[in-house]
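Undergrad: give me a model of this one.
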Amino acid sequence: MPVIVLEARDFTSPLFLVRTLEVLSSCTAFSLVASMEHNLNNSPDWDKFRIFCMFTWCFFFVVTFLIHIISIIQFHSLIPISWKNLTMMVALLGALMSLSSFVVFPWRVMDHTTVSARAVAAAVASGLTFLAYVFESCVLRTQAHEQRGYISSLPGFLKIIQLWGGLQMIPLILSISKLQTGPDWQRWVPYVSYGVCVFISLVTLVVILGDFAGRCLLPFDRFLAAFSLIGVLLYMLATMICLTKILQMSGTESKQNYPNMVIVETVVSSITLLAYTVDLAFSIKLLCDRSHM
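TA: Below you'll find the predicted structure:
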């Protein structure tokens with residue numbers, strides 16, 4: 001199959017320009033932070049959040065760059081994945097993860113006592129990355145209906161929020177685990193719940209991207225309903241434990257970071273629980289509609 005390169009007018013299209021901005025801004029962000037290792041926050045948990053931000057910028061820089069190149073040479077028809085779902089997934093997840101980095105970097109990574117110009121520039125670059133991914137999501141969402149995949153729908157967006165919520169927990173639980181007091185089950189039950197839900201989200205997205213839904217032993221919509229129900233139960237349990245830890249924080253006032261981390265964990269867990277609950281409602285509605293056909 002011959003390689004087809006975009007025409008000249010395609011290089012000024014909104015999609016081409018916004019992906020170029022994503023590549024440049026994410027590259028700028030991680031390059032600036034990598035060059036100022038000794039001018040960042042010295043709190044005990046700063047390195048975990050710095051790694052989180054660096055991973056986010058580097059990962060989406062690489063993925064977006066590859067998508068950009070493949071789109072230019074029109075090579076995506078030879079890739080055995082759903083291209084329209086892949087591009088939308090990267091845009092939505094990139095927007096959410098870049099937003100997290102945009103908030104986390106000034107909050108936990110930057111040194112607030114001596115703010116440097118590079119740190120401010122890195123935060124601005126992260127914000128531009130977030131805006132670029134949001135704009136790409138809007139551009140992809142306005143395409144013709146046949147060019148949009150499952151991820152462009154509301155249930156698909158909820159799947160992205162579920163994965164985003166699980167990924168946010170990684171640096172949080174690593175920071176909280178060293179400060180947490182109380183029974184061990186309060187520590188391990190949420191961790192297992194988050195891990196199981198992240199695994200379920202990854203399996204679901206792999207099936208969607210690979211168009212493997214027709215190869216499942218049972219109808220895929222039943223799997224989605226079961227996965228959503230499991231997510232609701234596990235995140236409901238994790239959120240209740242987080243609320244319990246907030247009530248127990250009176251004895252941990254000396255640990256200044258711990259209350260903030262627990263509150264953030266509770267907020268993210270509640271948002272993810274809401275996403276699973278709405279997704280379960282969509283799955284049940286879909287099953288009921290098909291049973292009446």
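
Undergrad: number of nearby residues for C53?
TA: Other residues within reach of C53, judged by other C-beta atoms under 10 Å, total 26. For every residue, glycine as well, the C-beta is placed using N, CA and C.

Undergrad: just confirm it is within a helix.
TA: Yes: counting by DSSP: H, G, I helix; E, B strand; the rest coil, C53 is located in a helix.

Undergrad: and the gap between the closest residue to it other than its chain neighbours and I271?
TA: Leaving out its chain neighbours, the residue that sits closest to C53 by C-beta to C-beta, 6 or more residues apart in numbering is S101, at 4.4 Å. In this structure, S101 and I271 are 17 Å apart, going by C-beta to C-beta, to the nearest Å.

Undergrad: neighbour count: these two, which is higher?
TA: Taking neighbours as other C-beta under 10 Å, S101 and I271 compare with S101 leading, 30 against 16.

Undergrad: please give me every residue in contact with the more buried one.
TA: 29, 52-53, 56-57, 126, 129-130 (C-beta atoms under 8 Å, 6 or more residues apart in numbering).

Undergrad: which helix or strand contains the nearest residue to S270 once chain neighbours are set aside?
TA: Nearest non-adjacent residue to S270, counting by C-beta to C-beta, 6+ apart: T239, 5.7 Å away. Assigned by DSSP states H and E, T239 falls within helix 220-247.

Undergrad: and that helix, how far out from the chain's middle?
TA: In terms of C-alpha atoms, centre = their mean, to the nearest Å, the centre of helix 220-247 is found 18 Å from the chain centre.

Undergrad: quick check: buried residues in it?
TA: Of all the residues in helix 220-247, those buried under the rule 16 or more other C-beta atoms under 10 Å are 221, 223-225, 227-232, 234-239, 241-242, 245.

Undergrad: one more: stretch 62-76?
TA: In stretch 62-76, counting by 16+ other C-beta under 10 Å, buried: 63-65, 67, 70-72.

Undergrad: ok, now stretch 157-176?
TA: 157-173, 175-176.

Undergrad: please apply the same query to stretch 127-142.
TA: Going by 16+ other C-beta under 10 Å, stretch 127-142 has these buried residues: 127-137, 139-140.

Undergrad: contacts for it next, please.
TA: 14-15, 18-19, 21-22, 25-26, 29, 57, 60, 84, 87-88, 91-92, 94-95, 98-99, 101-102, 148, 152.
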